[in-house]
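Novice: Build the 3D model from these lines:
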Amino acid sequence: MKKYAGAPDSATLARWRQDIIIEADIDGSSLSLVSTWGLFSPEAIDEGSRLLLRYLDIERTDDVLDLGCGYGVLGLTLAKRAPEGQTLMVDKDFVAVDYARRNITRNHLSNAEAQLSNGLQNIDPTRLFDHVVCNLPAKASKEQHYLFLVDAHARLKPGGRMTLVTINGLREFMARTLHEVFGNHEKLKQGSTYTVTAGVKTHPLPPGRAI
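Specialist: Have a look, this model is predicted:
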């Protein structure tokens, strides 16, 4: 078999197939994480997640949903901050869910779980949350963004809150869609690359809009 210039050797390929270990400190909260190539930000906690966690207000008793959890950075951190609540992490990628579950065990968190779900479609419809968080994928479609917001609104308790981090290029779209779905919008922080925004559930959706 022909070797191309720059192609990795067998030792490098074997190293790339090994789990990636991340020892992280997030505002005084330590996490030990395993990740792998193919997941979002596999080598380090991304700037957007760090910004969201810095400006997120969570009570100790909150029930939290991490929507699109990846290997679990947001959900694990919030499970530690809300030890008297329950945190559910969901992702449509079975590899992400597998690593999120491994990281729950690795960090000895009895109040967290991870589940395979396309958005909120496979979550128990009777389960409600105080807070939904999401590091919203920039490349997701407008339709996917609306589904996330509308479905999250339906699963929040009265007074519950959805907090999102997006690239700055989506901040005006997110402000508009939060107003359309939640009837309100608050910009918590705009950094050099990412913006953190939130909406509060103050009213039910009109008939036909909720899941």
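
Novice: going forward, measure contacts and count neighbours with C-alpha atoms only.
Specialist: Fine.

Novice: Residue ranges in this structure under the pLDDT threshold?
Specialist: 1-5, 205-211 (pLDDT under 70).

Novice: hmm, try it at 90
Specialist: By pLDDT under 90, the weakly predicted segments of the chain are 1-16, 26-29, 136-145, 203-211.

Novice: how about the strands of it, start to end?
Specialist: Ranges of strands in the chain, per DSSP state E, are 20-26, 29-35, 64-67, 87-91, 112-116, 129-135, 156-167, 186-190, 194-200.

Novice: Would you give the sheet partners of the fourth one, along with the direction of each?
Specialist: In this case it means strand 87-91. strand 64-67 (parallel), strand 112-116 (parallel) (DSSP bridges).

Novice: can I get the strands of the chain in JSON lines with mean neighbour count?
Specialist: Shown next, in JSON lines, are the strands of the chain (neighbours: other C-alpha atoms under 10 Å):
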{"stretch": "strand 20-26", "mean neighbour count": "14"}
{"stretch": "strand 29-35", "mean neighbour count": "18"}
{"stretch": "strand 64-67", "mean neighbour count": "27"}
{"stretch": "strand 87-91", "mean neighbour count": "26"}
{"stretch": "strand 112-116", "mean neighbour count": "22"}
{"stretch": "strand 129-135", "mean neighbour count": "24"}
{"stretch": "strand 156-167", "mean neighbour count": "21"}
{"stretch": "strand 186-190", "mean neighbour count": "15"}
{"stretch": "strand 194-200", "mean neighbour count": "23"}
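
Novice: one step back: including distance to Arg81, could the strands paired with strand 87-91 go into CSV?
Specialist: Below are the strands paired with strand 87-91 laid out as CSV (distance: least, C-alpha to C-alpha, whole Å):
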stretch, distance to Arg81
strand 64-67, 10
strand 112-116, 11
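
Novice: closest one to Ile26 among the ones you listed?
Specialist: Closest of those to Ile26 is strand 64-67, at 16.6 Å (criterion: C-alpha to C-alpha).

Novice: hmm, who's touching the closest one?
Specialist: Around strand 64-67, the neighbours that count as contacts under C-alpha atoms under 8 Å, 6 or more residues apart in numbering are 74-75, 78-79, 85-91, 119-120, 129-135.

Novice: mind redoing it with 6 Å?
Specialist: With contact meaning C-alpha atoms under 6 Å, 6 or more residues apart in numbering, strand 64-67 is reached by 75, 87-90, 129, 131-134.

Novice: May I have it as CSV, with CA atoms only?
Specialist: Provided in CSV are the C-alpha atoms of strand 64-67 (Å, rounded to 0.1, in the frame of the first residue of the first chain):
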residue,chain,number,x,y,z
VAL,A,64,-31.8,20.6,34.5
LEU,A,65,-31.9,19.4,30.9
ASP,A,66,-28.7,19.7,28.8
LEU,A,67,-29.9,19.6,25.2
